[in-house]
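# compute the structure for the input listed below.
(chains A and B)
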2 protein chains.
Amino acid sequence: VTVSDDNSVLRKSATLRDVALAAGVHPSTASRALNESTRPMVKVATVRKVLSAADRLGYRPNSLARGLKMSRTFTVGVLIPDLTNPLFPPVVRGLEDGMAGPGYTVVAANTDGDDDKERAIVEAMLNRRIDGLVVATARREHPLVQELARSGIPLVLVVRTVDDSPVSAVVGDDHEGIGLAVRHLVALGHTRIAHVAGPQDVSAGLVRYHSFLSWMGHVGLPVDEDLVVFTDAFQEAPGAEAFRTLLDRRVEFTAAIAGNDLIALGCYDVMAERGLHIPQDVSVVGYNDILFCDKFNPPLTTVRIPSYQMGLKAAELLLDAIKSPGDAPISLRLKPQLMQRRSTGPVRS
Amino acid sequence: VTVSDDNSVLRKSATLRDVALAAGVHPSTASRALNESTRPMVKVATVRKVLSAADRLGYRPNSLARGLKMSRTFTVGVLIPDLTNPLFPPVVRGLEDGMAGPGYTVVAANTDGDDDKERAIVEAMLNRRIDGLVVATARREHPLVQELARSGIPLVLVVRTVDDSPVSAVVGDDHEGIGLAVRHLVALGHTRIAHVAGPQDVSAGLVRYHSFLSWMGHVGLPVDEDLVVFTDAFQEAPGAEAFRTLLDRRVEFTAAIAGNDLIALGCYDVMAERGLHIPQDVSVVGYNDILFCDKFNPPLTTVRIPSYQMGLKAAELLLDAIKSPGDAPISLRLKPQLMQRRSTGPVRS
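Okay, here's the model as predicted:
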């Protein structure tokens, strides 16, 4: 077993010249026959001869060289906080599936919420001349995203968006989603409803909080300021910490809407810690419907966002932006769905 | 907002010539100063001038052109069954982290267990001249893996390996892991232990089954053939189906070792369906310790494989293979750990 000098393919690559020779045609004819966009210029019999020679010799077009000529690498990047956060694999999978048809490869990179790391990753991606970028790490104020938007590189935000910036984005309709949660709890008789809010510097955190206030008003329930607590990350431990603060205020409530499912799991932890029961003592609603919400104890009632479709839609918008870079940005809001499970129940009497 | 003709970077790229001009040196000097491996050949003061000019002008080396010259793309591929299967994100994350230091990008692709799709993906990756490949989809007999191994492309298998083939691989020590499970159950007084085995055409399925037989012998317990059932996929529904078959045999058992955590979840489903309780009626042990095993109802006792480290180690082996393609393949077995939770308990008397 040896490796060819250029360290690249299953066997020593046949060149375009080899294919032309084997087919008995001029290399430029072979090239036109091999390239789908110029193939119609070549006689059918010749095309057949060239393709059969290419096949026989195991000819592979050199994508790198083609990339240089076309100024395209057919590679796009996606920035996510962390692949092991269960919110993101379905989004990335949707993006990959959406980009694969037209022949694009997706490179995912984890920023771990570190701005310097994120900037270094973007620099490296630009050095490799990606054709476009999907960002799932946006904070509402995000200098790097603003820079990228100004630069004109094809760019789509997904899951999270920025304030006041003309960037294409695919997000869930969180106003609608919080409405589903509030009305579900109201239908169960709850009137004292708390909100364990996500970080307010992230669009999803802010929109869900504002939507909570607005829907409580809409259904005619007063919002007690003491019934809202904030976390500084969409994670289990900060969720637990905030929920402890809420319980320690000793303000009466019978239900809580968490900023996301991991925050809801933090609430689960504290309920167990204090010997309280879900939903008998407090009904809990999550947000996102990540993997295994139906396996938790109790199974978590939550608002499902269509994560896989968000990735697919982001791919569509990115492909449009690559094709027509001058077009106006588009913002998509996808419909959520209430997943009613056993963490919510009728208000205790 | 406009896009430069080459559709690539934040602003119109400065060329090497621009940097040389701004630094007042010859382009070849600028090139040597910018390239880390040739930098020592250039005077320090000159290096400083060139780097500062490059910085000021926002110069980005053209990775594609460099890739062509070096016959390296600094891109490697990883084949996984499906990113939304919770076993794989930590493995991919470890691989990405391990490859990032030396400047490699990892492209993950989902095969969905489809051989034709897998072959098409590998073809496309080879066309893009990846420098190496990590495969997490191997079956024991896997023609494509054999072909790749023969071709000499840097190749590392992870999580699953093939029979009788000299390929580098990073897997968990499943013999050890099943030993932990069997001895844990024996210590709890169980003697009638069942095995809900994974698919036998995958190394992990076969090794765990053989290890089960061997450890049962080792601890002096007879294996009743009726106490073993097989699944055709490491998934929840096939796990449930197999466990139903097992229960329907009406053979006495008090504990079951599942081929993996998803199969264990299938056992959970059937236990609930039949009004049986875990661990009072049957103790259940999983394998892998995927995300949220500690949140299941009851929390799942399972054997943890170090998934993230498996990815890191696969990166190390792949980097070695890229650097020294002639070296003999290496097989690594990483130690598992028993995660004792509430799905196992003393045998009922």
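# what helix or strand is A:V229 on?
Per DSSP states H and E: A:V229 is located in strand A:228-230.
# can you give the contact residues for the next helix-or-strand element following that strand?
Where DSSP H and E defines the elements, the next helix or strand beyond strand A:228-230 is helix A:236-248. Residues external to helix A:236-248 that are found in contact with it (Cβ atoms under 8 Å, 6 or more residues apart in numbering or on different chains): A:194, A:196-197, A:227, A:229-232, A:253, A:256, A:258-259, A:262-267, A:269-271, A:274. To be clear about C-beta, it is placed using only N, CA and C from the backbone, and glycine gets the same treatment.
# and helix A:236-248, how far out from the chain middle?
Its chain's average C-alpha position is 27 Å from that of helix A:236-248, according to Cα atoms, centre = their mean, to the nearest Å.
# before we move on, the earlier item: select only the buried ones of the contacts of helix A:236-248 in PyMOL?
To isolate the buried members of the contacts of helix A:236-248 in PyMOL, using 16 or more other Cβ atoms under 10 Å in any protein chain shown:
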select buried, chain A and resi 194+196+197+227+229+230+231+253+256+258+259+262+263+264+265+266+267+269+270+271
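# leaving out the residues flanking it, which one is nearest to A:G179?
Closest residue to A:G179 apart from its sequence neighbours, by Cβ to Cβ, 6 or more residues apart in numbering or on different chains: A:W215 at 5.1 Å.
# and the one helix or strand that neighbour maps to, what does it pack against?
Per DSSP H and E, A:W215 falls inside helix A:203-218. Judged by 3 or more Cβ pairs under 8 Å, 6 or more residues apart in numbering or on different chains; DSSP states H and E, helix A:203-218 is in contact with strand A:168-172, helix A:174-187, strand A:193-197, strand A:228-230.
# mind running it again at 10 Å?
The contact analysis (3 or more Cβ pairs under 10 Å, 6 or more residues apart in numbering or on different chains; DSSP states H and E) places helix A:203-218 against strand A:168-172, helix A:174-187, strand A:193-197, strand A:228-230, strand A:255-258, strand A:283-288.
# would TSV of those with distance to A:V50 and mean pLDDT be doable?
What follows is these, written out as TSV (distance: least, Cβ to Cβ, whole Å; pLDDT from 0 to 100):
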stretch	distance to A:V50	mean pLDDT
strand A:168-172	41	97
helix A:174-187	55	98
strand A:193-197	63	98
strand A:228-230	65	98
strand A:255-258	61	98
strand A:283-288	52	98
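# would you turn those into CSV with distance to A:L155?
Below are the helices and strands packed on helix A:203-218 laid out as CSV (distance: least, Cβ to Cβ, whole Å):
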stretch, distance to A:L155
strand A:168-172, 7
helix A:174-187, 21
strand A:193-197, 28
strand A:228-230, 29
strand A:255-258, 31
strand A:283-288, 24
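# closest to B:K117 out of these?
B:K117 lies closest to strand A:168-172 among the helices and strands packed on helix A:203-218, at 25.7 Å (Cβ to Cβ).
# flag every buried residue along stretch A:82-102.
Neighbour-count burial for stretch A:82-102 flags A:83-100 (criterion: 16+ other Cβ under 10 Å).
# which of those residues fall within helices?
Among those, the members found in helices (DSSP state H) are A:88-100.
# among those residues, which ones lie close to chain B?
Residues shared between those and the neighbourhood of chain B are A:88-94, A:96-97, A:100 [Cβ under 10 Å from any Cβ of the partner chain].
# circling back to that earlier point, farthest pair in the ones in helices among the buried residues of stretch A:82-102?
Using Cβ to Cβ, those span at most 18.0 Å, a distance reached by A:F88 and A:A100.
# next up, phi/psi of the residue in the stretch 201-349 of chain A positioned nearest to chain B, please.
Going by Cβ to the nearest Cβ, chain B is nearest to A:N297 of the stretch 201-349 of chain A, at 3.5 Å. Phi and psi for A:N297, reported as degrees, to the nearest 10, are phi -120, psi 100.
# I'd say the residue nearest to A:G179 and A:D174 touch.
No - A:W215 is not in contact with A:D174 according to Cβ atoms under 10 Å; the separation is 11.1 Å.
# using TSV, lay out the ones next to chain B among the ones in helices among the buried residues of stretch A:82-102 together with pLDDT.
Formatted as TSV, those follow (pLDDT from 0 to 100):
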residue	pLDDT
A:F88	97
A:P89	97
A:P90	98
A:V91	98
A:V92	97
A:R93	97
A:G94	98
A:E96	96
A:D97	96
A:A100	92
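# can you name the residues of the stretch 151-300 of chain A that neighbour chain B?
Within the stretch 151-300 of chain A, the positions adjacent to chain B are A:151-154, A:166, A:236, A:265, A:268-269, A:290-293, A:295-300 by Cβ under 10 Å from any Cβ.
# now do the strands in chain A.
Along chain A, the segments classed as strands by DSSP state E run A:75-80, A:105-110, A:132-135, A:155-158, A:168-172, A:193-197, A:228-230, A:255-258, A:283-288, A:301-304, A:331-334, A:337-339.
# for the second one, which strands pair with it and how are they oriented?
Spelled out, it's strand A:105-110. strand A:75-80 (parallel) (DSSP bridges).
# what is the orientation angle of the strand it pairs with with helix A:88-100?
Counting by axes from the mean of the first three to the mean of the last three Cα atoms, to 10 degrees, strand A:75-80 lies at 160 degrees to helix A:88-100.
# how far is stretch A:274-286 from where the chain is centred?
Here the centre of stretch A:274-286 is set off from its chain's centre by 30 Å, with Cα atoms, centre = their mean.
# ugh, typo on my part, it should be stretch A:242-251
Centroid separation between stretch A:242-251 and its chain, computed with Cα atoms, centre = their mean, is 32 Å.
# for it, which positions count as buried?
Going by neighbour count (16+ other Cβ under 10 Å), the buried part of stretch A:242-251 is A:242-244, A:246-247.
# for that stretch, output the C-alpha coordinates as PDB.
Taking Å, rounded to 0.1, in the frame of the first residue of the first chain, the C-alpha atoms of stretch A:242-251 are listed here in PDB:
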ATOM      1  CA  ALA A 242     -32.600  31.400  39.200                       C
ATOM      2  CA  PHE A 243     -35.400  29.000  40.300                       C
ATOM      3  CA  ARG A 244     -33.900  28.800  43.800                       C
ATOM      4  CA  THR A 245     -34.000  32.600  43.900                       C
ATOM      5  CA  LEU A 246     -37.600  32.600  42.800                       C
ATOM      6  CA  LEU A 247     -38.600  30.000  45.400                       C
ATOM      7  CA  ASP A 248     -36.700  31.900  48.100                       C
ATOM      8  CA  ARG A 249     -38.800  35.000  47.400                       C
ATOM      9  CA  ARG A 250     -41.800  33.100  48.900                       C
ATOM     10  CA  VAL A 251     -44.200  34.600  46.400                       C
END
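# which one of the helices and strands packed on helix A:203-218 lies nearest to B:V223?
Closest to B:V223 of those, according to Cβ to Cβ: strand A:283-288, at 43.2 Å.
# nearest spatial neighbour of A:K117, skipping sequence neighbours?
Excluding its sequence neighbours, the residue lying closest to A:K117 (Cβ to Cβ, 6+ apart) is A:T111, at 5.5 Å.
# quick one, phi psi at that neighbour?
With angles defined as degrees, to the nearest 10, A:T111 sits at phi -90, psi -20.
# what's the neighbour count on the nearest residue to A:G217 once chain neighbours are set aside?
Nearest in space to A:G217, with sequence neighbours left out and distances taken as Cβ to Cβ, 6+ apart, is A:V223 at 7.5 Å. Applying other Cβ atoms under 10 Å in any protein chain shown, we find 16 residues neighbouring A:V223.
# might you report the residue contacts of A:V223?
A:V223 makes contact with A:193-195, A:212-217 under the criterion Cβ atoms under 10 Å, 6 or more residues apart in numbering or on different chains.
# who wins for proximity to B:H26 among the helices and strands packed on helix A:203-218?
Once the helices and strands packed on helix A:203-218 are compared by Cβ to Cβ, strand A:168-172 is nearest, at 44.1 Å.
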